[in-house]
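In: With the sequence up front, the predicted model follows.
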Amino acid sequence: MQANLLEPLRIAIRDVPDFPQKGILFKDITPVLADPHLMKLAIDGMVEPFAGLKIDKVVGIDARGFIFGSMIAQRLNAGFVPVRKKGKLPWKTIGVDYSLEYGTNRVEMHVDAIQPGEKVLLADDLLATGGTAAAALHLILQAGAELLGSTFFIELGFLKGRTQLDSTGPVHSLLNFG
Ligand code: AMP
């Protein structure tokens with residue numbers, strides 16, 4: 001997608017300094033969610049490189065990854081699988097601990113959410129250090145599935161998070177805040 005088409009998205013994202021803690025410049029995407037034209041543009045761009053592929057499941061990461069991931073799954077005619085923060089899923093889970101740009105966390109996925117051999121696309125709103133995405137990748141591989149690629153609305157390029165996904169398929173991000 002041409003860079004100038006993405007300008008309205010870049011402008012809509014609101015920078016919130018020192019949230020949720022001092023030193024973090026939080027990228028608030030709620031103005032994009034609130035505008036159907038912007039949201040369509042965002043999903044179009046996130047799906048574009050993967051549109052021709054046969055994808056069984058889109059894995060979205062708690063919580064904003066659910067919004068982007070489920071819309072992407074619909075477009076690709078794939079199922080959606082939530083990777084959630086600790087203790088939120090009702091059924092049997094597999095889990096991974098990881099460190100975040102701010103703090104530490106644990107993510108979990110239902111044991112039967114992905115079948116061995118399934119082709120998976122990973123989706124989240126933002127790639128920062130890549131710790132969250134790497135944890136989700138770990139769960140996908142533990143389930144015996146194949147990660148075909150990952151797609152992010154925003155990438156904070158200076159944090160070099162994509163190096164954590166290097167050995168997997170293409171890592172696509174729509175807007176890079178270098
Ligand atoms: P990381 O594991 O460091 O790549 O962090 C990615 C996760 O944390 C994503 O699910 C984001 O929603 C959230 N996140 C990290 N940094 C920011 C930021 N500066 N603005 C908004 N969300 C962020």
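Out: Cool, got the structure. Worth saying up front: this structure is predicted, and the values here are computed from it rather than measured.
In: how about the residues of this protein that lie near the ligand?
Out: Counting by CB under 6 Å from any ligand atom, the chain comes close to the ligand at 24-27, 61, 64-65, 100-101, 124-133, 161. All C-beta spots, glycine's among them, are computed from the backbone N, C-alpha and C.
In: following the helix or strand harbouring His138, which helix or strand comes up?
Out: If you go by DSSP states H and E, His138 is part of helix 131-142. On the C-terminal side of helix 131-142, the closest following helix or strand by DSSP H and E is strand 146-155.
In: Which neighbouring elements make contact with that following strand?
Out: Packed against strand 146-155 by the contact rule (3 or more CB pairs under 8 Å, 6 or more residues apart in numbering; DSSP states H and E) you find helix 36-47, strand 119-127, helix 131-142, strand 171-176.
In: Which members of the residues of the chain next to the ligand are classed as buried?
Out: Taking 16 or more other CB atoms under 10 Å as the criterion, what is buried in those is 26-27, 61, 64-65, 101, 124-133, 161.
In: you'd agree Gly144 is up against Val120?
Out: No: using CB atoms under 8 Å as the test, Gly144 is too far from Val120 to be in contact (10.6 Å).
In: Need the residues touching each of those two.
Out: Ile114 (CB atoms under 8 Å, 6 or more residues apart in numbering).
In: Those two - which one has more neighbours?
Out: Val120 (28 against 11; other CB atoms under 10 Å).
In: From Asp18, how far out is the more buried one?
Out: To Asp18, Val120 is 35 Å away according to CB to CB, to the nearest Å.
In: How about the spatially most central residue of the chain: what's its closest non-neighbour residue?
Out: When CA atoms, centre = their mean is applied to the chain, the residue found nearest the centroid is Asp124 (1.4 Å). Once flanking residues are discounted, Asp124 sits nearest to Gly65: 3.9 Å by CB to CB, 6 or more residues apart in numbering.
In: And the helix or strand where that neighbour lies, what's buried?
Out: Following DSSP H and E, one finds Gly65 within helix 64-75. For helix 64-75, the buried set under the neighbour-count rule, 16+ other CB under 10 Å, comprises 64-73.
In: Could you do stretch 135-151 as well?
Out: So for stretch 135-151, counting by 16+ other CB under 10 Å, buried means 135-140, 143, 145, 147-151.
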